[in-house]
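In: Show me the folded form of this:
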Amino acid sequence: MTHSPATQQYREKQAGDLRPGDFVFPPGDGPAQEIVSIDVENDDYGVAALLRLTMDDGGTVRIAVGSSVPVGDGVPAGPAGDAADAGTADSPEPDVAEPDSSTPDSSTSASSTPDSSTSAEAGADAPAGPAVVVPPRPETPPAYTGPSAEELALIPEPAGTPEAVVRAAAANHKGKNGVQVLAERLAKGINTKSGSCLRDLSNLAFDLCIVLRDPDHALEVADLLNVLPFDGNLDRWASIERALALSSFICREAGQAERAAVYEKLLRAPESQEEDPFKARINARVRQRSLNEPNLYDKEIFRAIDNGNHEAEREWRFLRLEALMFLRAHGGSKTIGEDELARRIANELESVRA
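Out: Residues are numbered from 1 along each chain as shown. The predicted model follows:
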């Protein structure tokens, strides 16, 4: 017997477990619809908050990440499913109705058997629209192992104060206005609680490495950021993240694989901060999607080329280079492997240094 999604047995599924191809019962009494695609919307803090489902009939359904919804299997349900479907389609109430008071044994048996109770509830509640329920806590969040004390020891202590490190790095590049301006501003006092100060340090490290080809001093400046912990502030973390990705690249190029691995572990620090397992799992999926579909600024670069704006093209390629370094520090993704990343990084380096 062939079943349509509308006649299958209802069951609950967590929003985070939905996939294209699943059948979801939209609000109302209509049949189940197949999911064509799923988009994740974040809140203002970058946390997954809403799933927007596109259905096969062209409609959309919005589901909060903490919800569960009634779904169908989309495949024949077998003999047990046939009985459940017949009870749902042909009669307003299921065969397993209120227990007869004259048969206490069967009543006791039904109440003491979780599976039979669950099946009865599912059959009785089937015609209702989707109810938002509190989902059970899922499995443990993605594992993350931070660097050990021995690994952290591979990052050397700065030679003097942070301001002294900046002045020493800039001293080798007299006449380079960009570096000198950043160094003069930072030499007045480095406040690691200031987002603008962290951006200046990150920009200085990139200029030293990419533009002036001075990876040693760039790494010394970057290490002023690399040792800072993730405090939940994503704006401040963006500068630290850039420095960690750059440091990983410098060490990989220099053959310091162990030290590079330390930076790569530190780069994943935010992945261990979410304590709720369900949210951690949703965040991991969103993060993996961003790695699989990175923004490499193709449209902006092609537009600058078409307009003959070489300065704008260079700026966009600089941003693409940063994105590629970040991907490489993550070990690549499901769509771009490490070898391909290394090739692309080499191409972008040649372009921005030309």
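In: What segments of the protein are helices?
Out: For the chain, the helices defined by DSSP state H occupy 78-90, 104-112, 114-125, 149-152, 162-171, 177-187, 195-206, 215-226, 234-253, 257-267, 277-292, 298-306, 310-329, 338-353.
In: Indicate which one of these is closest to Met55.
Out: Ranking the helices of the chain by their distance to Met55 (criterion: CB to CB) puts helix 277-292 first, at 20.1 Å. From N, CA and C alone the C-beta is placed, and that goes for glycine too.
In: picking that back up, could I get the helices of the chain as TSV with mean neighbour count and mean pLDDT?
Out: Output for the helices of the chain, formatted as TSV (neighbours: other CB atoms under 10 Å; pLDDT from 0 to 100):
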stretch	mean neighbour count	mean pLDDT
helix 78-90	15	40
helix 104-112	11	41
helix 114-125	14	43
helix 149-152	11	91
helix 162-171	18	94
helix 177-187	17	93
helix 195-206	21	96
helix 215-226	23	96
helix 234-253	22	95
helix 257-267	19	95
helix 277-292	17	83
helix 298-306	14	95
helix 310-329	19	94
helix 338-353	15	93
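In: Dump those into JSON lines; add distance to Val61 as well.
Out: Output for those, formatted as JSON lines (distance: least, CB to CB, whole Å):
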{"stretch": "helix 78-90", "distance to Val61": "22"}
{"stretch": "helix 104-112", "distance to Val61": "34"}
{"stretch": "helix 114-125", "distance to Val61": "19"}
{"stretch": "helix 149-152", "distance to Val61": "46"}
{"stretch": "helix 162-171", "distance to Val61": "52"}
{"stretch": "helix 177-187", "distance to Val61": "49"}
{"stretch": "helix 195-206", "distance to Val61": "38"}
{"stretch": "helix 215-226", "distance to Val61": "43"}
{"stretch": "helix 234-253", "distance to Val61": "29"}
{"stretch": "helix 257-267", "distance to Val61": "35"}
{"stretch": "helix 277-292", "distance to Val61": "17"}
{"stretch": "helix 298-306", "distance to Val61": "30"}
{"stretch": "helix 310-329", "distance to Val61": "32"}
{"stretch": "helix 338-353", "distance to Val61": "37"}
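In: of all those helices, which lies closest to Asp39?
Out: Of all those, helix 277-292 sits nearest to Asp39, with 9.8 Å by CB to CB.
In: Next up, the contacts around Glu313.
Out: Glu313 is in contact with 301, 304-305, counting by CB atoms under 8 Å, 6 or more residues apart in numbering.
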